[in-house]
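Visitor: Provided below are the primary sequence and the corresponding predicted coordinates.
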Amino acid sequence: MVKKRGKTKLLVLLFIFAIVLLSLFLFQYKNITGNAISTINFPTDCSETNISTLWNSIFLESSTGISFVYNETNLTNGRCDNLIIAKTLATNESYLLWFLSGVDSNGKYNSALVAKKTKFNSSKDNYSSVVSQEIVDNPLARMFLVFTLLPASSTVNRSVPISSSSGADNEFYLTYNTTVLIGTLISNESIYGFNETENYTLNRKNYSKSLAAMIYKNLSEQIIVYQDKEVDGGCVPNWTRQETSCYPNETRIIFYNDSKSCGVSTGKPSDIVSYCDYNLNGVIGDYINNLTYLNLTLYISGNLINSSLNYSNLSSLQLVEIKRDGKAFISFIYNFSKTLDLTNISIQTNSASSNLGYILINGIDNKKSVIFDKKNSSSDQVCILDDYVSSVSQISAFCDEGDEFLLNCPGNSSKYTCLVSNSSFNISGLAHSGIKEMFSLATCTTNWSCAPWGSCVNKVRNRTCSDVNICNTTIGRPALTEACAVAPPVCLINWSCSEWSPVNCSSNVNRTRICTDKNNCNSLTGKPSELSVCDSDNNSFWGIYLWITFGISGILLIILIIYLIVQATNKKEVLQNDNPSAASRPVQPVQGIAPPIQKYIAPKPEPPKSSDNPGDIPSV
């Protein structure tokens, strides 16, 4: 019985130990593989029940009413290796579910799934008809790229564009089952999306699962792409450049796919958004977004730009005008044999409150004419910096840098012409464009305003002076530099004197001392006297001092004498007490010692008394 209990305890301990090891393994595995991706189970056959189960695990839209566009069953293993099903609603919203699985040419398992929702212009343009046509016209190998990344040409715009990642998430959750989705969609130009990869090992083989999602901000389309495949442990990705077709907002996305399908993102280049001519009308870019911030409009050949016209069919050279508030602003001649790209145009100009007019234009490399504000009636020049200029501060104050040109207005040179009309400068001959209003001395009276002088450094101090009227000259400018004397630092004198020598002296005798400044200020200001003459007051002091000294000594001496006398008297009395006189001290016999000899004095005779014994001598 005891042995059985011991074995039970051992089994419990081994079980707990195994659980701990398994927990540690799963924890480490999770850290290695990153975010876990839900597995999408593909049907084992193409039965309607299995297909409906797959559909309902991905879409919230019911599988009722789905139609088989294409299906293929593997004759070897009986699996459903290729399947396309679709559903179109009365609202012109179409759903597509396509997957392909099997073994590739290298003998490795590979599967992919696309789940897509799009709204078309009409019910005729549903996924069933579009996919059927694509199967006829294109090899199946191209279907993944065609249906995953490129919107159909008849896809409509959203009634309300998506403007935030949370809005994109909400739209996804209205379409797809929440068990499929992961993460938060991240904005990338015209789309929101994410791409997650998870690596795992099964039966000693390496696999990689990936889940990607895309939702267009303006187009009514959202996509989920799922892939599960076997990979080599030492697979090195081979990133190949791909690009989407041109979207209605005249952009395309350049992206990279791994031709080896390693299932990892190591070294993958970032996606790039480029611009394209969606309407093939010879003009690239949303000119409304580029120009309305200054109330600008674009005219080609004297007419307001029309996106429905094909300007590439015009004769090569045409006048292009950018007008501000309907008035001439920037104009140039353009050769429409090459598409006009408006996406890089940048225009900066002065505000209404500026005291000087200026304009900076980038992105138009053609020779151009520019009209901008003449803010000061006295100005008669402009400074031209015909280069890429990002800020007006790059143009110098006096237009005297090597790459700048000072042009009189009105006036002309071999390259530029300047006219003045209606409080505006009209300048032509420009390539790149940085222009600022200037003044000449002939029409401008300087008005100098100077800041206070700075501190004195190395016997020099500086200040700045500016011309309030901005006459662009240094004539008559006050001095900006002058010599100065450095004020010495304030020194605080601190006198310290020694004792007088000699300390005691007679009247009219000299005595001295030494006084020094501890701070070495090299000044005699306030220095105490180092010579003194002993006077009577000084002697009187010493006389009083001596008298007091002698007086105290005398008193102490008298007290001492009195004390000695008292002590002597007390000693004498003590001696007398110790040796009293014979007359006063009774004689007491001491045994063994003879009494002292005393002088005998005979008593006076007395008359004899009668006695019974007459012969006796009377006792003393």
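Guide: Looks like it arrived, so ask away.

Visitor: pull up the gap between residue 252 and residue 279, please.
Guide: 14 Å (Cβ to Cβ, to the nearest Å). In short, each C-beta sits where N, CA and C put it, glycine included.

Visitor: now do residue 555
Guide: 133 Å.

Visitor: neighbour count: the two, which is higher?
Guide: A direct count of neighbours by other Cβ atoms under 10 Å for residue 555 and residue 279 places residue 279 higher, at 14 against 10.

Visitor: got the confidence number for the more buried one?
Guide: Predicted confidence (pLDDT) for residue 279: 81.

Visitor: and what of residue 241?
Guide: 92.

Visitor: residues near the spatially closest residue to it that is not a sequence neighbour, how many?
Guide: Nearest residue to residue 241 in three dimensions, chain neighbours excluded: residue 256, at 6.0 Å (Cβ to Cβ, 6 or more residues apart in numbering). Neighbours of residue 256 under the rule other Cβ under 10 Å: 19.

Visitor: what's the answer for residue 120, then?
Guide: 22.

Visitor: let's number from 32 now, not from 1
Guide: Sure thing, new numbering starts at 32, so read that last one as residue 151.

Visitor: for it, list each beta-bridge partner.
Guide: residue 186 (DSSP bridges).

Visitor: is it correct that it is in contact with residue 123?
Guide: Yes: counting by Cβ atoms under 8 Å, residue 123 is a contact partner of residue 151 at 5.2 Å.

Visitor: can you pull the contacts of residue 97?
Guide: Contacts for residue 97 (Cβ atoms under 8 Å, 6 or more residues apart in numbering) come out as 82, 83, 86, 116, 117, 118, 126, 128.

Visitor: after the one helix or strand in the chain whose mean pLDDT sits lowest, heading C-terminal, what element do we hit next?
Guide: Of all helical and strand segments in the chain, the minimum by mean pLDDT, DSSP states H and E falls on helix 33-64, at a mean of 39. Next along the chain after helix 33-64, taking DSSP states H and E as the criterion, comes helix 79-89.

Visitor: name the residues that touch that next one?
Guide: Against helix 79-89 from outside (Cβ under 8 Å, 6+ apart): 71-75, 93-94, 97, 99, 111, 114, 116, 128, 130, 146, 207-208, 210-211, 255.

Visitor: so which of these belong to strands?
Guide: Using DSSP state E, the members of the contacts of helix 79-89 that fall in strands are 99, 111, 114, 116, 128, 130, 146, 255.

Visitor: report pLDDT for the third one.
Guide: Confidence at residue 114, expressed as pLDDT, is 81.

Visitor: same question for the last one.
Guide: Residue 255 carries a pLDDT value of 88.

Visitor: could you pull out the helices for the stretch 432-581 of the chain?
Guide: Counting by DSSP state H, counting those that start in this stretch, the stretch 432-581 of the chain has helices at residues 567-609.

Visitor: quick one: neighbours of the nearest residue to residue 336 once chain neighbours are set aside, just the number.
Guide: Excluding its sequence neighbours, the residue lying closest to residue 336 (Cβ to Cβ, 6+ apart) is residue 329, at 4.5 Å. Neighbourhood size, residue 329 [other Cβ under 10 Å]: 19.

Visitor: which strands or helices does whichever strand or helix holds residue 329 pack on?
Guide: Here residue 329 sits within strand 327-331, counting by DSSP H and E. Packed against strand 327-331 by the contact rule (3 or more Cβ pairs under 8 Å, 6 or more residues apart in numbering; DSSP states H and E) you find helix 318-322, strand 348-355.

Visitor: now, of the contacts of helix 79-89, which are buried?
Guide: 71, 73-74, 94, 97, 111, 114, 116, 128, 130, 146, 207, 211, 255 (16 or more other Cβ atoms under 10 Å).

Visitor: now those in CSV, with distance to residue 268?
Guide: Shown next, in CSV, are the buried ones among the contacts of helix 79-89 (distance: Cβ to Cβ, whole Å):
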residue, distance to residue 268
71, 23
73, 25
74, 30
94, 37
97, 36
111, 30
114, 28
116, 32
128, 28
130, 23
146, 25
207, 28
211, 25
255, 22
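
Visitor: for those, work out which two are farthest apart.
Guide: 111 and 207 (21.6 Å; Cβ to Cβ).

Visitor: where does pLDDT dip in the stretch 382-531 of the chain?
Guide: 472-474, 518 (pLDDT under 70).

Visitor: now the strands: where do they sit in it?
Guide: Taking DSSP state E, counting those that start in this stretch, the strands of the stretch 382-531 of the chain run over residues 389-393, 399-404, 412-415, 436-439, 442-443, 448-452, 455-461, 464-469, 479-481, 491-493, 496-498, 512-514, 526-528.

Visitor: sheet-wise, list the partners of the shortest one with their directions.
Guide: Strand pairing for strand 442-443, determined by DSSP bridges: strand 448-452 (antiparallel).

Visitor: tell me which residues are up against the partner strand.
Guide: With Cβ under 8 Å, 6+ apart, strand 448-452 has contacts from 405, 413, 438-443, 456-460.

Visitor: just the buried positions in that strand, please.
Guide: residue 449.

Visitor: what does stretch 541-561 give?
Guide: Per 16+ other Cβ under 10 Å, stretch 541-561 contains these buried residues: 542, 548.

Visitor: mean confidence (pLDDT) on that stretch, please.
Guide: The model assigns stretch 541-561 a mean pLDDT of 88.

Visitor: how far is that stretch from where the chain is centred?
Guide: 62 Å (Cα atoms, centre = their mean, to the nearest Å).

Visitor: returning to that earlier point: rebuild the contacts of residue 97 as TSV, extending it with distance to residue 366.
Guide: Shown next, in TSV, are the contacts of residue 97 (distance: Cβ to Cβ, whole Å):
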residue	distance to residue 366
82	57
83	59
86	54
116	51
117	47
118	50
126	47
128	49
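
Visitor: since that was my last question, I'll sign off now.
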